[in-house]
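Novice: Just need the structure, nothing else, for what follows:
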Amino acid sequence: MIAAALSLTVALPTTGAAGAATTTLSKPGATANSRVPLSATEKKMVTLVTDMVAAMQRGAPAGAPPGVWNAPVTCWRCDAGPAWALAASAALTTNPTQRNQAVAILDRTIAAYQQPNGSFAGTTGSPDIDTMFFAVELGSSAIALRSYLSAARKAAWTSSIRAAADFLVANGNLGWYTNGNINIGNTYVMALAHRLTGDVRYQAHYETALSLAVSPPQQRWPGYGLHYTKTPTRADGSDGKAYFAEAGSGGIGYDPEYTVLQLEMLTKIFLATRDSRVLRSMNLLANQLLDRVDRKTWMLDASKGTRHTDARRLIHFDTAALQTLVNLGRRTDLARHLTPQLAAIDKEFRTDVPGLGDRAKYALGMITSSIIASVPANSRLR
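Specialist: Now for the predicted structure:
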């Protein structure tokens, strides 16, 4: 059980029905032998990750390999999502058990799904989209764990990311507008490849991908790109509103649910690059979405989108963007929302146990790792 194993490094909280911690979690302090108690936000995320992964382990098939939580596997890259959460939690607390589990999941996924051409592909799905969604998990985890990985594993993961990025370039994905969330994701892969390899080619590819996501040639991609619903007057976009177009049965335009995914990918890019252009887009999208968010339940009205066309559709507004915008983006006007939104995120995942769905497994990794990395003191994790 992860919950028991964590006591090797930190005093793991025992949790009751409400999930309240009864002991103190800690992280490395200013000196080699000192430890600093986690903040309330950090504690909530570490405890959530610990509890969710433990519950998933209890429900996993007997003898299942690392990162296989149910059978049959319906979304292998989603099954890798908890590794992302484990990596961030382990990097924060220096816990070896969580670190080893994250490494085992990611190593197995690379071995099982990376193809000779650098793509990641299973028996179903689109190789370019699967490559993007897994590469960002792997690259982000490599950055968080970089102080703890062996030289050989760091080189292997870097080589894997390089091959994935090269596949996307060779496959033409940086010149093809798929949908807002995918193009932003491709941009993130290039940012990670540049961070991990230091190869300036990927910086150029990052600029190409970002430019296409924001302003695709309209003669070729009419209606795609970034659309303003309120033009900002401030350079950081904090008084404006916008979305990236998504195409579906409802046409080309605004899909609130996929805009949440766009926002989450932008948050990841900003954490890795601190690119002010990305921060601007985060502000625009967050403002756009907040108009549809119930501040009591933290549910988003995602009705009548271009991809989710339902007349009535409510989803959890579980983005880490608010934490990042307040902590690193100077959005003090959003600070009052952090505690209630974080409580809603915690409740959302706990309500889904013991079996998290594919979307939830991926979101668990993406959201918790971003919230942890957004804490100002945790610059070593981003």
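Novice: Now do the strands in the chain.
Specialist: In the chain, the segments counted as strands under DSSP state E are 26-28, 35-37, 226-230, 241-244, 246-248, 251-253, 293-294, 299-301, 314-316.
Novice: Can you give the contact residues for the fourth one?
Specialist: Contacts of strand 241-244 with the rest of the structure, by CB atoms under 8 Å, 6 or more residues apart in numbering, involve 180-181, 183-184, 213-214, 225-230, 254, 259, 262, 281, 284-285, 287-288, 291. Quick note: C-beta positions are derived from backbone N, CA and C, even for glycine.
Novice: Need the strands of the chain in CSV (columns: distance to Ala80 and mean pLDDT).
Specialist: As requested, the strands of the chain are arranged in CSV below (distance: least, CB to CB, whole Å; pLDDT from 0 to 100):
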stretch, distance to Ala80, mean pLDDT
strand 26-28, 25, 82
strand 35-37, 30, 83
strand 226-230, 30, 98
strand 241-244, 25, 98
strand 246-248, 24, 97
strand 251-253, 31, 97
strand 293-294, 29, 98
strand 299-301, 26, 98
strand 314-316, 21, 96
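Novice: Output those strands in CSV, with distance to Lys43 and mean neighbour count appended to each entry.
Specialist: Formatted as CSV, the strands of the chain follow (distance: least, CB to CB, whole Å; neighbours: other CB atoms under 10 Å):
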stretch, distance to Lys43, mean neighbour count
strand 26-28, 10, 18
strand 35-37, 8, 14
strand 226-230, 37, 15
strand 241-244, 34, 24
strand 246-248, 36, 20
strand 251-253, 40, 16
strand 293-294, 25, 16
strand 299-301, 25, 19
strand 314-316, 21, 17
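Novice: Same list, the ones you listed, but as JSON lines with distance to Asp275 please.
Specialist: Below are these laid out as JSON lines (distance: least, CB to CB, whole Å):
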{"stretch": "strand 26-28", "distance to Asp275": "27"}
{"stretch": "strand 35-37", "distance to Asp275": "30"}
{"stretch": "strand 226-230", "distance to Asp275": "15"}
{"stretch": "strand 241-244", "distance to Asp275": "16"}
{"stretch": "strand 246-248", "distance to Asp275": "22"}
{"stretch": "strand 251-253", "distance to Asp275": "26"}
{"stretch": "strand 293-294", "distance to Asp275": "25"}
{"stretch": "strand 299-301", "distance to Asp275": "26"}
{"stretch": "strand 314-316", "distance to Asp275": "27"}
